[in-house]
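S.K.: okay, sequence plus prediction incoming.
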There are 2 protein chains.
Amino acid sequence: MTSFKAGIRAALAVGTILAATTAFAQQGPASPAETDPVKMGWMQGSPPPPDKRITFDGGPARDWPQIRWSFAHYRELTATARVSRGSGPVAKLPVAMRTDLDAVTFIPLGKTEPMRWDAAIEAVYGDAVLVLHRGRIVYERYFGVMNADQPHVAMSVTKSYVGTLTEMLIAEGKIDESAPVSRYIPELASSGFGDATVRQLLDMTTGISSSEDYTDPNAGVAKYGVAAGMRPAPPGYAGPRAIYDYLPTVAKQGAHGAQFTYKTVNTEVLSWIIARVTGKRPHVVLSERVWSKLGTEHDADVVVDSAGSPAMGGGLNPTLRDMARFGEAMRLNGRFNGQQIVPASVVARIRAGANKEDFAKAGYKTLPGWSYKSQWWVSHNAHGAYMARGIHGQGIYIDPKAEMVIVRFASNPKAGNSNFDDISLPAYQAIAERLMGK
Amino acid sequence: MTSFKAGIRAALAVGTILAATTAFAQQGPASPAETDPVKMGWMQGSPPPPDKRITFDGGPARDWPQIRWSFAHYRELTATARVSRGSGPVAKLPVAMRTDLDAVTFIPLGKTEPMRWDAAIEAVYGDAVLVLHRGRIVYERYFGVMNADQPHVAMSVTKSYVGTLTEMLIAEGKIDESAPVSRYIPELASSGFGDATVRQLLDMTTGISSSEDYTDPNAGVAKYGVAAGMRPAPPGYAGPRAIYDYLPTVAKQGAHGAQFTYKTVNTEVLSWIIARVTGKRPHVVLSERVWSKLGTEHDADVVVDSAGSPAMGGGLNPTLRDMARFGEAMRLNGRFNGQQIVPASVVARIRAGANKEDFAKAGYKTLPGWSYKSQWWVSHNAHGAYMARGIHGQGIYIDPKAEMVIVRFASNPKAGNSNFDDISLPAYQAIAERLMGK
C-alpha cells in the first residue's frame, strides 16, 4: 500500500507538471525552464547526438528555442572577427552585491498583480543580467549556458555603438551629418539611400523599402541577415553574401525625414560610411576608439560577411560585464577608466533625444513619449533614461538620475522588445527607485 | 627625345621585371615579394573588389597564394572556438634583440653557396619568426599581414599540443597508452582505428587507409579537412561536416605498429579520447591545462566543425609570441611562468623520441636519424633538438643545448615541410651555434 500511495503521489505530481506544460502549450512557447539550453542537451557530448546539434547554414541556429544556445556561441557557428581589447589593464568593476533586489516588485504594464525582479528576468527568458549602481556591481546573474566569460550576441545593441562612433566622427568634423549618403558611398547613389542624409540614417527617418518584420523569412531584414552572415542561408540560397553587395539593391519607399521607421540597413550604411572615412573596418574603429579604452575583460567577437565586413547592425558579441562598462562610460558622460572615451557633447546629444512626434508615428505602444536619436532609444522620462535595444531581449538601460546601468542578454521566443517591454521597463524603473532609496 | 629616352628606360626596367617574373614562372611559383598579401590587395577596401575577396566554402581560402592572407584570418573565414587565456597576468617575454642574426649564414642542404638567415626566412615564405634565447626575445619579425597581435594558423603544430595533453593524461593514469582505441571510443571499434593502441596513435604507427597527399583533393586528409571545417567544401559537397562523423569511416590498411606513417586522423582520434576521458572539449582542456597557465597574451582561436568539435589535427590559431611561450615551457622541462605546467617526465618522454627505424621506413630524406614521438618530431642530433611541425612552414624548434626556441609561421606554396627543410634546418642550427657563441 505504501508503494501504491507513493505511486499515486508521483502520478499526481506528474499530472501537475503536465497540466503546467499543457497550459504553456496552449498559451504559447515552452517556458524558460523547459527550454534551458543545458537541460536541452544541445551540443553536449563528443560528438553531440545528431538531434542535439545546432548548425548554421541549413540548420536551426536562429530558430527558437535553439537560440537559447546559439546566441552564446555565435563564433562557433560562423565567421567572426576580433574586436580587440588591446593590451591595457582591466578596469575592475567594484562589487557591492545587494541581496534585496530579487524581491523588488513592480506592476507589469496593463496588469494589476505585482511581479518580482527575479521572476521578471525569467519571464523574459533572460540569459544574463547585471546591475551597476554608482559604478559598482550590485546584481549579476547568469543562466543556462552563460557565464561571466561567455560572449552573447548583443543584436541591435550593436547599433548604439555605431551611432556613438558616428557622432564622435561628426564631432571631429570627419562626417557631415547633413551630407547625403552618396557623398560618402557613391555605390549607393542610385539606391534608396542615395539622397538620405547621415542624420536621417542616424535617427532612422529614412524612407526605405526594407521590411523589419522578424517573422517573415522574405523580409528585407532577413535578406540583410543572410548577406551579413547573421542568419543561416536557406537551402539553395544564391543571393548576396556581403552586406555592401546587398545594400545597393535596397530601394526607396516614401520620403526621407518623414518619420521614425526602424530599419537595420540604415545602421549598415552608417557603418559603411565609418569604414570609408576612416579607411578601417568599423569593428577596428570600435576597438581603437572605444573597446580598447574601456578596460574590457575580453575581446569581443563580431560576425563578418564573406567580404570581411562586420555586421554592425547586430553582430557584436561582448561579455555582459564588458557591455556594462560601455553603459557606465555613457552614464558618466563618456568619461571612464581614467579617460574621456566618448566626448561629453556626443553623450549630451544622444541623451537629448530626437523628435517625439516622428517617433510616435511608428506606433510603439510600449514606448509613449520616447524618441530615437543616433541609434539610441531615449525615454524622456523623469530619470532621463535611454537604452540600447536588441531583439530577443538584449539591452543596455542607462538611468542617469538613479546612477544606474542595467545590461541584459536574453533569448526570448519573440524578437521585438515591445513584446515584453510591459515587464522590462517597469522592472528597470522599480530597481532604479529601490537603488535611489525610494 | 627626352620622353622617348625615358620611355626606353621604362621599357628596359619593365623588361627586367618581366624577365625576373618569367624566370620565376619557369622555376615555380611566384616569389614571396610578388605574393605579399598586402601588395596583392586581398580583402582591402570596403568592400574589397570581387576579384580581391577570399572566401571559404566554394572559395580560394586554401589556395596558394591566397593562403598568404587567409592563414592569418582563419576566424574571419569559418567557425572557431576560443581557447581562453584565462584571466591571469601576461608572462612578459624579456627582449634582448640581437642585430647580428640576419647576417648569420649557413649552407642549405645539398648546396654549396651560403645563404643568410634573413634570406632564408624570405625563401620559405615566412610570415613571422621569433627566436628566444634563454627565454629572451633576441629576434622577432613580421611580414605581410602579420603582426604581434595577429593569430596565424599553426596547422599540425596543433598536434604537438594534443600529444602533450595525451601524455599528461597518461601520466595521471587517466589514459592507458596500451589500451585499444575501442576501449575509449566504441564508435571506432569497427573502423581502422579500433584495434590500434593509444601509443600507436601518438607515435603515428597505425596502419590506416587515409592518404596524407596534400596535393590530392580526394585524399583522406582533404576529406578530413572538409569534415573538420579546415578546408572549403567543394561545390555540391554532401559528405560529413563533423570530424567524429568522418573518423568511423576510415578503414585499416596494413598492420598497426609496423612503421611511422604520418596521418592527421590519428591526432583527431587522440583528441576524441581526450574529450571522452575528460568530459570536456579538447580545446577547453588545452586552455585549462596549458594555455591559461602560460601567461599568454591572447586567447587563441581553434577551428570547429559543425558539431562544435575542435580541429585539433591542425586548427589552432595562436599568436607567434604565445606559441613561443609554449615552446619555452617545453624547453624548460614543462616549468614556466612560475609553475610546472607540463610534468617534467612528460617532456623527458617526448625528448627521448621513438624508434628511429620505424621512422626511417617513411623515407623522409631531410630527416635522417629522426623519430616521431607523441606528436613531436625528434632530431636526435647533438643538441637534442625537437620540433612541432605544420604544413606550409609552421613550426616550433626547441634546441635544449643552445637554450633556444624558434617559432615560425609561413605560407609556403608547398605543403610538406620536407620541401624546404633543406633551408629551415641548417638555418636553425646556424642560429643555435651563433647564440652558443660558436
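M.R.: Thanks, I have the structure now.
S.K.: Three-state assignment for A:V162, please.
M.R.: Following DSSP: H, G, I helix; E, B strand; the rest coil, we place A:V162 in the helix state.
S.K.: thought it was touching A:T267?
M.R.: Yes - contact criterion CB atoms under 8 Å: A:V162 and A:T267 qualify, at 5.3 Å. Any C-beta I mention is one placed from the backbone N, CA and C, and that applies to glycine too.
S.K.: isn't A:S309 up against B:M43?
M.R.: No - using CB under 8 Å, A:S309 is not in contact with B:M43, being 9.8 Å away.
S.K.: so which of the two has more stuff around it?
M.R.: Between A:S309 and B:M43, A:S309 has the larger neighbour count (other CB atoms under 10 Å in any protein chain shown), namely 30 against 22.
S.K.: any idea how far A:S84 is from the closest residue to the more buried one other than its chain neighbours?
M.R.: Nearest residue to A:S309, sequence neighbours excluded (CB to CB, 6 or more residues apart in numbering or on different chains): A:I243, at 5.2 Å. To A:S84, A:I243 is 21 Å away according to CB to CB, to the nearest Å.
S.K.: show the residue spans covered by the helices in the stretch 51-200 of chain A.
M.R.: All helices of the stretch 51-200 of chain A, identified by DSSP state H, counting those that start in this stretch, fall at A:67-70, A:117-123, A:157-171, A:181-184, A:198-202.
S.K.: out of those helices, which gets nearest to B:G384?
M.R.: For B:G384, the closest of these is helix A:67-70, at 47.3 Å, according to CB to CB.
S.K.: from chain B, how far out is A:A222?
M.R.: Computed as CB to the nearest CB, to the nearest Å, the A:A222 to chain B distance reads 20 Å.
S.K.: what residues does the host helix or strand of that residue touch?
M.R.: Here A:A222, judged by DSSP states H and E, is contained in helix A:220-228. Identification of contacts with helix A:220-228 by CB atoms under 8 Å, 6 or more residues apart in numbering or on different chains yields A:62, A:209-214, A:216, A:230-234, A:237, A:239-243, A:245-246, A:250, A:263-265, A:268, A:303, A:305, A:311, A:313-315.
S.K.: show me what counts as buried in that helix.
M.R.: Of all the residues in helix A:220-228, those buried under the rule 16 or more other CB atoms under 10 Å in any protein chain shown are A:220-228.
S.K.: how far away from the center of its chain is the helix or strand that it is followed by?
M.R.: In the C-terminal direction, the helix or strand that comes right after helix A:220-228 (DSSP H and E) is helix A:243-246. Its chain's average C-alpha position is 22 Å from that of helix A:243-246, according to CA atoms, centre = their mean, to the nearest Å.
S.K.: any regions of chain A where pLDDT drops low?
M.R.: Counting by pLDDT under 70, chain A shows low-confidence ranges at A:1-27.
S.K.: which residue is the nearest non-sequential neighbour of the residue of the stretch 101-250 of chain A found nearest chain B?
M.R.: Distances between the stretch 101-250 of chain A and chain B by CB to the nearest CB are smallest at A:Y244, namely 4.1 Å. Distances taken as CB to CB, 6+ apart put B:P47 closest to A:Y244, at 4.1 Å, once the chain neighbours are dropped.
S.K.: show me the contacts for whatever residue of the stretch 251-400 of chain A ends up closest to chain B.
M.R.: Per CB to the nearest CB, A:A275 is where the stretch 251-400 of chain A lies closest to chain B, at 3.7 Å. A:A275 is in contact with A:281-282, A:285, A:309, B:46, counting by CB under 8 Å, 6+ apart.
S.K.: can you say which of those residues are buried?
M.R.: Those of the contacts of A:A275 that meet the buried threshold are A:281-282, A:285, A:309, B:46, by 16+ other CB under 10 Å.
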